[in-house]
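# Kindly generate the corresponding structure for this input.
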Amino acid sequence: MSLVWLILIPMVGGLVAGLVARKNESLCRWISLSALILDSGIAINLFAHHWLGLDLPTSTRWLVEFQVEWIPRLGAGIHLAVDGLSLLMVLLTLFLGIIGVGASWTEIKTQVGFFHFNFLWILSGVIGVFLALDLLLFFFFWEVMLVPMYFLIGIWGHENRQYAAVKFFIFTQASGLVMLLSILVLVFTHAAGGELTFDYMKLLGTPMDGTFGLLVMLGFFLAFTVKLPAFPFHPWLPDAHTEAPTAGSIILAGILLKTGAYGLLRFVVPLFPAACQVFTPYALFLGVVGVLYGAMQAFAQSDLKRLVAYTSVSHMGFVLLGVFAWNDYALYGVVMQMICHGFSSGAQFMLVGALYERVHTREMGRMGGLWTTAPRLGAASMFFAMASLGLPGMGNFIAEFLVLAGLFKVSVTATSFASLGLIAATIYSLWLMRGTFFGPNDKQWKIADLNARELSLVAALVAGLVFLGFYPQPVLKAVHPALEALQQSTAQAPVPVAMNRR
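Next up, the predicted model:
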């Protein structure tokens, strides 16, 4: 039942917060924060029990599993399970959820209850995505994330929020429907063998060969790379980030993008290993283009939020490369990148939001010299800019190094071009700092520095990145059995797969 509570607590918390806000907006915020802290306690307890040596399972790949019938005639059930991979993603979701609530504490002043209702329901949907092993249930949670995020952008966003919200909705909804079609084709193909089921574990190994298997795989691939996003399915992201409120940008970059990466890891390659083997060169090409294109676009931006948004396109290109390299180093790097990018991008959007509250502009051309008046804000921005470019000593460096090490085994050419993205990251990171905090203070800005609430949020994210930069072992140890099981599932495919020996 602990898995059910992980999903239900944010849902119930959102409902209660929405109702209470009519009489007490401050209490509404505390209810949201309390719900996420309570949920985090459950997730941390799971992590402690299973990765500190207590109750370690030996007979199943899942740490905890919950399964009951839902729609027996369709072979659909409520099947939830957690392994090291999904548990780390749940912990990331709840941690950044707490950061998002803290960052929005004073920013959101209208319809506060409805904001927290939508915010917590997004988190509930994301947790459901990470836990669901029934594909119909997975699709349900995939859609649960969509509508609240639309409201978050469309109601509390900036000037062009309606355009950005509709664009986000169209891209994600259209690709989601394509995935639903692929799910149905996969299920009915499996049913030809005599069993109608949506259960992930039973669908593994379903023969999906040739062009037919490739087309079905592409339905999943499209949905996940739109959410990732990978080039050329990224156009919704810069607009969504630019117009979203700070908390919306934090969970969009830090969490929602990771559902796409998780889908590639959990579903695309294990369910369609033969098709992925054929598609690997094209996926690597898209990954390399995404790394370089995102970096170049970031350098070309004058709006701080758009700049940080395009860095996400570049960093998620490394995730796509790592997934399709499909070997130990690359997959470890993918998981590290998912976590560390969540920390660094979430922090950058939070700091951009804090800066916008003070100067009421995101245009770098109207800034400059802000370090002298807000040194703590400048130092925090410098730290996360260095994290974004992969400075040694921070978790992002470990992540990108592992991805490139794994990619080198697959393609020296792709590794060489992807490495150029690290050079480009240095350029746009220094460009960001030069345009905002260094140079002359022509506008004579005098702004308040980070307050205690903002500093505490920044400190938590700094601590996470530094810890993982010097000691990534807890993440690598936790995720090892899950990644090993995923690789074994492709090794046992009907068509021999040697993606890790290409």
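# Could you use CA atoms for every contact and neighbour count after this?
Fine.
# how about the strands in the stretch 351-500 of the chain?
With DSSP state E, counting those that start in this stretch as the definition, the stretch 351-500 of the chain shows no strands.
# could you pull out the helices for it?
375-388, 395-408, 412-436, 452-470, 473-491 (DSSP state H, counting those that start in this stretch).
# Return the most buried member of those.
Most buried of those, by mean neighbour count (mean count of other Cα atoms under 10 Å): helix 395-408, with a mean of 25.
# Report how many residues lie close to residue 109.
12 (other Cα atoms under 10 Å).
# where does it land in three-state SS?
The three-state label given to residue 109 by DSSP: H, G, I helix; E, B strand; the rest coil is coil.
# next one: residue 65
State at residue 65, reduced to three classes by three-state DSSP: strand.
# How many residues are close by it?
Using other Cα under 10 Å, residue 65 is surrounded by 17 other residues.
# Just give the closest residue to it, not the sequence neighbours.
Distances taken as Cα to Cα, 6 or more residues apart in numbering place residue 81 nearest to residue 65, at 4.2 Å, with adjacent residues excluded.
# Shouldn't that neighbour be within a helix?
No: judged by three-state DSSP, residue 81 forms no part of a helix; its state is strand.
# Relative to residue 187, how far out is it?
20 Å (Cα to Cα, to the nearest Å).
# Would you mind telling me which of the two has the busier surroundings?
Taking other Cα under 10 Å, residue 81 and residue 187 do not tie; residue 187 has more neighbours (24 against 21).
# Isn't the more buried one up against residue 197?
Yes: shown here, residue 187 and residue 197 form a contact pair, counting by Cα atoms under 8 Å, at 6.3 Å.
# Give me the common contacts of the two.
By Cα atoms under 8 Å, 6 or more residues apart in numbering, residue 187 and residue 197 have these common neighbours: residue 203.
# So what's the residue count around residue 362?
Counted with other Cα under 10 Å, residue 362 comes out at 20.
# Show the model's pLDDT score for it.
Looking at residue 362, its pLDDT is 87.
# Please spell out which residues along stretch 177-191 are buried.
For stretch 177-191, a neighbour-count test (16 or more other Cα atoms under 10 Å) marks 177, 178, 179, 180, 182, 183, 186, 187, 188, 189, 190, 191 as buried.
# Redo the residues you listed as JSON lines? Include secondary structure, distance to residue 206 and pLDDT.
Below are the buried residues of stretch 177-191 laid out as JSON lines (DSSP: H, G, I helix; E, B strand; the rest coil; distance: Cα to Cα, whole Å; pLDDT from 0 to 100):
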{"residue": "177", "secondary structure": "helix", "distance to residue 206": "22", "pLDDT": "96"}
{"residue": "178", "secondary structure": "helix", "distance to residue 206": "19", "pLDDT": "96"}
{"residue": "179", "secondary structure": "helix", "distance to residue 206": "17", "pLDDT": "97"}
{"residue": "180", "secondary structure": "helix", "distance to residue 206": "17", "pLDDT": "97"}
{"residue": "182", "secondary structure": "helix", "distance to residue 206": "13", "pLDDT": "96"}
{"residue": "183", "secondary structure": "helix", "distance to residue 206": "12", "pLDDT": "97"}
{"residue": "186", "secondary structure": "helix", "distance to residue 206": "8", "pLDDT": "96"}
{"residue": "187", "secondary structure": "helix", "distance to residue 206": "9", "pLDDT": "96"}
{"residue": "188", "secondary structure": "helix", "distance to residue 206": "10", "pLDDT": "94"}
{"residue": "189", "secondary structure": "helix", "distance to residue 206": "8", "pLDDT": "94"}
{"residue": "190", "secondary structure": "helix", "distance to residue 206": "6", "pLDDT": "93"}
{"residue": "191", "secondary structure": "helix", "distance to residue 206": "10", "pLDDT": "93"}
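# Redo these as TSV? Include distance to residue 139.
TSV is the format used below for these (distance: Cα to Cα, whole Å):
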residue	distance to residue 139
177	9
178	11
179	8
180	7
182	11
183	9
186	14
187	13
188	16
189	18
190	18
191	19
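# Closest to residue 265 out of the residues you listed?
Nearest to residue 265 among the buried residues of stretch 177-191 is residue 179, at 15.3 Å by Cα to Cα.
# ok, that closest one - contacts?
Applying Cα under 8 Å, 6+ apart, the residues near residue 179 are 219, 220, 222, 223.
# let's go with 10 Å and repeat that
For residue 179, the contact set (Cα atoms under 10 Å, 6 or more residues apart in numbering) comprises 139, 173, 185, 216, 217, 218, 219, 220, 221, 222, 223, 224.
# same check, this time on residue 112
17-18, 20-22, 24-26, 28-29, 104-105, 156.
# PyMOL command to pick out the buried ones of those?
A single PyMOL command selects the buried members of the contacts of residue 112 (16+ other Cα under 10 Å):
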select buried, resi 17+18+20+21+25+28+29+104+105+156
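# Strands of the stretch 1-150 of the chain, residue ranges please.
Ranges of strands within the stretch 1-150 of the chain are 64-71, 76-82, based on DSSP E, counting those that start in this stretch.
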